[in-house]
Each structure stands twice: as structure tokens, then as C-alpha cells.
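*Asks:* I would like the atomic coordinates for the input below:
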Amino acid sequence: MNKLYKYLFIFCLITAFFADVKANDFLYNPLIESKLPTDPFSFTIYPNPVVGDELQISFDISEKPSKAVVFTITNVIGQNLYTYSLKEEDFRNGKFTINLDELKLEKGIYLIKMTSGENSKIQKLVLR
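*Replies:* Model prediction:
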């Protein structure tokens, strides 16, 4: 059976099945809200790629961890170039800013790692 006849056959079956169905025959149950599960330990980098001298890091931690939350910037061969431990005010704001001009980083690709105890996330950072 070629595709056209197959689809025509399916269309005829569906049409025949719903021929006697009225709008009142359906139950209406609206979906109020649907949330996708979020990662309880994540961060975003803005802007990326970075063109200026400021980098903003926003983080999402569902509850304050018992261990310190540390951000590190490394080059692609793993050398640690910068370390920042979150402060109490950072937890209230949910973000902090790094002045890249002070770090004197060359244009290129770097890795930012967020670590707390056993949890860690890594993202790529591009400086242009």
C-alpha cells in the first residue's frame, strides 16, 4: 500500500469514527500550570561571549548548601586563574558580577566551574 492510500485510509477511519461525536461529548479539563523540573544547582553566564569588561553570573540554588559555594575560572589546560566564594549578600541577590579587566584575561576560551561539596557544574566562557 503506498503512502497516499495509507493516509487516506487512516483519514477515512478517523472521519467515520468521529462522525457522530458532538462537542458536548468531550470533557474539558484545562491545564492550569505545568512546571518542568529545574536543576537545584545551576548557573548562567551573561553575556557569553563577553565583549566588554564585565561578566555577570546568575546562580540558582534551591536551598543554601551546608558547604561553601565556589566559582573558579580556569583556562583550557586546567590552570586556576580566579576563585570566588559566594557571600551572604550573593545568596540574597542570586547573582554577582566579575570585573574581567582586573583579571587581565586574554581573549579566548575559559571554563567556569561552580562547586559545593559533591555538586559541581561547568560552563564554557568565551572572551572576545
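*Asks:* which helix or strand in the protein has the lowest average pLDDT?
*Replies:* helix 3-17 (a mean of 59; mean pLDDT, DSSP states H and E).
*Asks:* strand partners (parallel or antiparallel) of whatever helix or strand comes next after that one?
*Replies:* Following helix 3-17 in sequence order, the next helix or strand is strand 41-46 (DSSP states H and E). Paired neighbours of strand 41-46 in the sheet (DSSP bridges): strand 54-61 (antiparallel).
*Asks:* identify the residues contacting the partner strand?
*Replies:* 38-47, 69, 71, 86, 90-91, 94-100, 112, 114, 116, 125 (C-beta atoms under 8 Å, 6 or more residues apart in numbering). All C-beta spots, glycine's among them, are computed from the backbone N, C-alpha and C.
*Asks:* need the buried ones from these selected in PyMOL.
*Replies:* Here is the PyMOL command that selects the buried residues among the contacts of strand 54-61 (16 or more other C-beta atoms under 10 Å):
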select buried, resi 41+43+45+69+71+86+90+96+98+100+112+114+116+125
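*Asks:* phi and psi next, for residue 51.
*Replies:* Dihedral pair for residue 51: phi -110, psi -30, per degrees, to the nearest 10.
*Asks:* how close does it sit to residue 80?
*Replies:* Here the criterion is C-beta to C-beta, to the nearest Å. By it, residue 51 lies 24 Å from residue 80.
*Asks:* what does residue 60 give?
*Replies:* The span separating residue 60 from residue 80 equals 24 Å under the rule C-beta to C-beta.
*Asks:* neighbour count for those two, which is higher?
*Replies:* Neighbour comparison, residue 60 and residue 80: the larger count goes to residue 60, with 13 against 10 (by other C-beta atoms under 10 Å).
*Asks:* beta partners of that one?
*Replies:* With DSSP bridges applied, the residues forming beta bridges to residue 60 are residue 42.
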